[in-house]
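[1] this one's sequence-less:
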């Protein structure tokens, strides 16, 4: 595994741990997917992209921590080869595999690059 991916995975695990602690104590409710995607992009030195995932006719269905949840939108970080979405999986997932899984739940899925 290359150093950059190792560092991203390490940061991802820290963010996931902090989020789980915050959820269990009811604090920091705004620590969500937008924050995680921005922090991963920042940790990558500005490499990769932040993707905004939406469904034009309603909420997007996403698996988070093993349960299906509905959201207005969903943001993830991509290093170009993988999607890093700690609520979906603790491991990076190939972009096509991740998007295929989401399209099964959301046939009208719209993917937009919102990288600053």
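    Everything's here; your move. Predicted model only: the values in this text are computed from it and were never measured.
[2] partner residues bridging the closest residue to residue 59 other than its chain neighbours?
    Among residues not flanking residue 59 along the chain, residue 70 sits closest, at 4.0 Å (CB to CB, 6 or more residues apart in numbering). For the C-beta atoms, the positions are set from N, CA and C on the backbone; glycine is no exception. Beta-bridge partners for residue 70, by DSSP bridges, are residue 61.
[3] Quick check, pLDDT for the nearest residue to residue 33 once chain neighbours are set aside.
    Distances taken as CB to CB, 6+ apart put residue 75 closest to residue 33, at 4.8 Å, once the chain neighbours are dropped. What the model reports for residue 75 is a pLDDT of 93.
[4] Which strand residues bridge residue 75?
    residue 52.
[5] got a list of what residue 85 touches?
    33, 36, 76, 77, 93, 98 (CB atoms under 8 Å, 6 or more residues apart in numbering).
[6] What is the end-to-end distance of stretch 78-94?
    9 Å (CA to CA, to the nearest Å).
[7] Same check on stretch 52-63?
    16 Å.
[8] got the contact list for that stretch?
    68-76, 87-88, 101-102, 105-106, 108-114.
[9] Name the residues of that stretch that are buried.
    Of the residues in stretch 52-63, 52, 53, 54, 55, 60, 61, 62 count as buried by neighbour count, 16 or more other CB atoms under 10 Å.
[10] what does stretch 79-90 give?
    79, 82, 83, 84, 85, 86, 87, 88.
[11] circling back to that earlier point, select from the contacts of stretch 52-63 every entry located in strands.
    68, 69, 70, 71, 74, 75, 76, 110, 111, 112, 113 (DSSP state E).
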